[in-house]
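Student: Model the following, please.
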Amino acid sequence: SQARFSSSGYYECLLSIEEKKKSSGPLTVKVEGIMKPELSVLKTEVMEGENVLLRCEVPEEKPPFYFIFYKTEQSANGVVHEKIRKSEHDNFLKLEFPIDAGDSILNFECAVQMNSMTGSQTSERSNRTIVTVSEPFSVPKITIDSPQNITEGDKICITCSTVLLRQDQTEIILQKNKTILNSTKGRETLKYCKTVKLEDNGNYICKVEHGSVSKTTKEELVVTELFSKPMLVINKTKWDENSIVQIHCQVNGPMPFNAISLSLIKDNKILINSSIYTAQLRVSDSGIYMCRAEIKNISKESDPVFLHVYAPVSLPVLSQPFSQVGVLEKLFVLQCYSKFGTLPITYSLYRGNIYITKIVTEQNVPANFAVKATSIQESGQYRCRANNGHSLSQQSKRLNVTIIAPVANITFKREPEENI
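Tutor: You can find the predicted model right below:
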């Protein structure tokens, strides 16, 4: 038979006569060269996103083989892609090679690598097969239909278009950053219209997808600010009840003042359609205030400001509800309470002029101070002070508290009868 690379190896002759055997010395046979493989392609005209089915065969050689498939772009600097697959039992192998977006004219070849006891060799490449690639759709085009200088309040239309070779399941997507604004399937054009604001500045991406093929184009939109964000101007946020407050709503920078509308908002409801608000405050005026400015249906709001209005605390009363005396080294309770005043109220306890501790109450209940006297000298006058956000705080009358030492180690002694 004709020698092939797979015939390479070590040979010896064995002679057997009447149960006697004798072998020759080993002979190394090395066959150079591998049969040129043959490449066939199922289709020579394909579309981006499809696969090319290749079949590479090595006639007259015996497995195992390593098949090497080559995909080369037909250009001056054609990039070569290769895939390697092993066949253990057959002298041919089938492989699907994906067609990527941007592929145009491709050359496909294959080669075979074989290993034997005498070494390893790779065949020359097979016949070259040309495959032409067509686009299922063109690179998309994005256009912005708008005035030359775009300002907040202008209406714009963004059009995303492509040319489709096949319309089924081809999708056009318009997005800003990662947010999808609009999409359609099976059509060549997509339109998105809106009245722009300053936050609409940025890059808009037109993407066309079909299967694994995706093509994109982007366009930058620049929007000029019509007017700046308004500011709510107030000199402080904590107010006494019955104080007179003046709140200003202002917008800095150039703008068409004759067209601007200013409103003051409290707790998401319009308080007044004006740039200035003056009022004598009540506790019910506490809340979240914002300023809203509007021109050409463009509305902007200031940062929110929480306004606190406080009614003053009433004169607190300090009492000792459970016992009239305190026992040394034991807890006793002093209670401080203001009946009126905007919550929360902070109660501070003093012995003479010495501060002891404080309690903050979120509800209209007394503050109970658990006090522990460590010395008889802590007898004396206690007082408490109550305050909230109001500028006026109140102090209780002084309460005299007596600290006594507990009686300990009591003994009884009997006197002689003659002393009775």
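Student: Is Leu264 within a helix or a strand, and which one?
Tutor: Secondary structure assignment for Leu264, by DSSP states H and E: strand 261-266.
Student: Can you give me the buried ones in that strand?
Tutor: Under the neighbour-count criterion of 16 or more other Cβ atoms under 10 Å, strand 261-266 has 262-266 buried. Where you see a C-beta, it was placed from the backbone N, CA and C, and this is true even at glycine.
Student: where does Gln377 fall, helix, sheet strand or coil?
Tutor: helix (DSSP: H, G, I helix; E, B strand; the rest coil).
Student: This protein: helices as residue ranges?
Tutor: Counting by DSSP state H, the chain has no helices to list.
Student: Got the domain ranges for it?
Tutor: 38-134, 141-221, 231-310, 317-404 (the TED database).
Student: so which of those gets nearest Lys22?
Tutor: domain 38-134 (23.6 Å; Cβ to Cβ).
Student: Centre of the chain to the closest one, how far?
Tutor: In terms of Cα atoms, centre = their mean, to the nearest Å, the centre of domain 38-134 is found 44 Å from the chain centre.
Student: do stretch 314-333 as well
Tutor: 56 Å.
Student: who touches stretch 327-335?
Tutor: Outside stretch 327-335, the residues that touch it by Cβ atoms under 8 Å, 6 or more residues apart in numbering are 318-323, 325-326, 349, 366-376, 382, 384, 399, 401, 403-406.
Student: returning to that earlier point: would you reformat the domains of the chain as TSV and include mean pLDDT and distance to Gly25?
Tutor: Output for those, formatted as TSV (pLDDT from 0 to 100; distance: least, Cβ to Cβ, whole Å):
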stretch	mean pLDDT	distance to Gly25
domain 38-134	88	16
domain 141-221	89	60
domain 231-310	91	98
domain 317-404	88	105
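Student: sorry, back to before: quick check: which helices or strands does the strand holding Leu264 pack against?
Tutor: strand 244-250, strand 269-272, strand 287-295 (3 or more Cβ pairs under 8 Å, 6 or more residues apart in numbering; DSSP states H and E).
Student: deepest of those strands, which one?
Tutor: strand 287-295 (a mean of 19; mean count of other Cβ atoms under 10 Å).
Student: Direction included, what does that strand pair against?
Tutor: strand 261-266 (antiparallel), strand 298-301 (antiparallel), strand 305-310 (antiparallel) (DSSP bridges).
Student: Which one, of the ones you listed, ends up nearest to Pro136?
Tutor: strand 298-301 (41.6 Å).
Student: Can you check what pLDDT the model gives Cys25?
Tutor: You called it Cys, but residue 25 is Gly. Predicted confidence (pLDDT) for Gly25: 72.
Student: No more questions from me, cheers.
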